[in-house]
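In: fold the following.
(2 chains)
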Protein chains: 2
Amino acid sequence: MIKATVYVTIKQSVLDPQGNAVQGALHSMGFNEVGKVRIGKYLELTLNTVDRNEAEARVRTMCEKLLANTVIEDYRFELEGY
Amino acid sequence: MIKATVYVTIKQSVLDPQGNAVQGALHSMGFNEVGKVRIGKYLELTLNTVDRNEAEARVRTMCEKLLANTVIEDYRFELEGY
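Out: The predicted structure follows:
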């Protein structure tokens, strides 16, 4: 079994209204040291496979097809066998 | 300036309907090796401070008060000075 951890983040050139809202909320709570806030997704998947190379290719396809919108988002992932 | 990376995940004992929906979608796309899927949030904050210990305490307070719902979510964070 392989555990995949996927991070999906909004591209630097794309506005992040959710991040701006959180930044505003933090400022209004007195956390004035907070500069930029960017929010992304964090996914943990367990894969019932033992072939790490195959898992890497499959997770990449999952990201391209479903998990990330590659027009506005970047993704990266880590695999961990156990 | 310190960069904080915050990971907010749903507690193991709490149902994750978003994760289940993604798991179902991946299965219907032919990714039948996918077992459990858990989805969380990933936040990057820049802090205009140089005191690492203070930053750690402040980020912990931000998580407790705003960024995570500690009833159903866990959080962890990393600090990176630059």
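
In: where do the strands sit along chain A?
Out: Counting by DSSP state E, chain A has these strands, from start to end: A:2-10, A:34-47, A:73-81.

In: ok, which of those comes nearest chain B?
Out: Distance to chain B, taken as CB to the nearest CB, is lowest for strand A:34-47 among those, at 3.8 Å. Quick note: C-beta positions are derived from backbone N, CA and C, even for glycine.

In: that closest one vs strand B:2-10, what angle?
Out: Angle, strand A:34-47 to strand B:2-10, by axes from the mean of the first three to the mean of the last three CA atoms, to 10 degrees: 40 degrees.

In: now strand A:34-47: buried residues?
Out: Residues of strand A:34-47 classed as buried: A:34, A:37, A:38, A:39, A:40, A:41, A:42, A:43, A:44, A:45, A:46, A:47 (neighbour count, 16 or more other CB atoms under 10 Å in any protein chain shown).

In: returning to what we had before: now the strands of chain A in a markdown table, with distance to chain B?
Out: Formatted as a markdown table, the strands of chain A follow (distance: least, CB to the nearest CB, whole Å):
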| stretch | distance to chain B |
| --- | --- |
| strand A:2-10 | 6 |
| strand A:34-47 | 4 |
| strand A:73-81 | 11 |
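
In: can you tell which of those is closest to residue A:20?
Out: With CB to CB as the measure, strand A:34-47 is the member of the strands of chain A nearest residue A:20 (7.2 Å).

In: which other helices and strands contact the closest one?
Out: Secondary structure elements in contact with strand A:34-47, counted by 3 or more CB pairs under 8 Å, 6 or more residues apart in numbering or on different chains; DSSP states H and E, are strand A:2-10, helix A:17-28, helix A:52-62, strand B:2-10, strand B:34-47.

In: now it, how far from the centre of its chain.
Out: On the basis of CA atoms, centre = their mean, to the nearest Å, strand A:34-47 sits 4 Å off its chain's mean C-alpha point.

In: also stretch A:75-82?
Out: Centre-to-centre, stretch A:75-82 and its host chain are 12 Å apart (CA atoms, centre = their mean).

In: buried ones in that stretch, by neighbour count?
Out: A:75, A:77.

In: export it to CSV, keeping only CA atoms.
Out: Below are the C-alpha coordinates for stretch A:75-82, written out as CSV (Å, rounded to 0.1, in the frame of the first residue of the first chain):
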residue,chain,number,x,y,z
TYR,A,75,0.1,20.6,-7.8
ARG,A,76,2.8,18.5,-6.3
PHE,A,77,2.7,15.2,-4.5
GLU,A,78,4.8,12.8,-2.4
LEU,A,79,4.6,9.1,-2.2
GLU,A,80,5.3,7.1,0.9
GLY,A,81,5.3,3.3,0.9
TYR,A,82,4.3,1.4,4.0
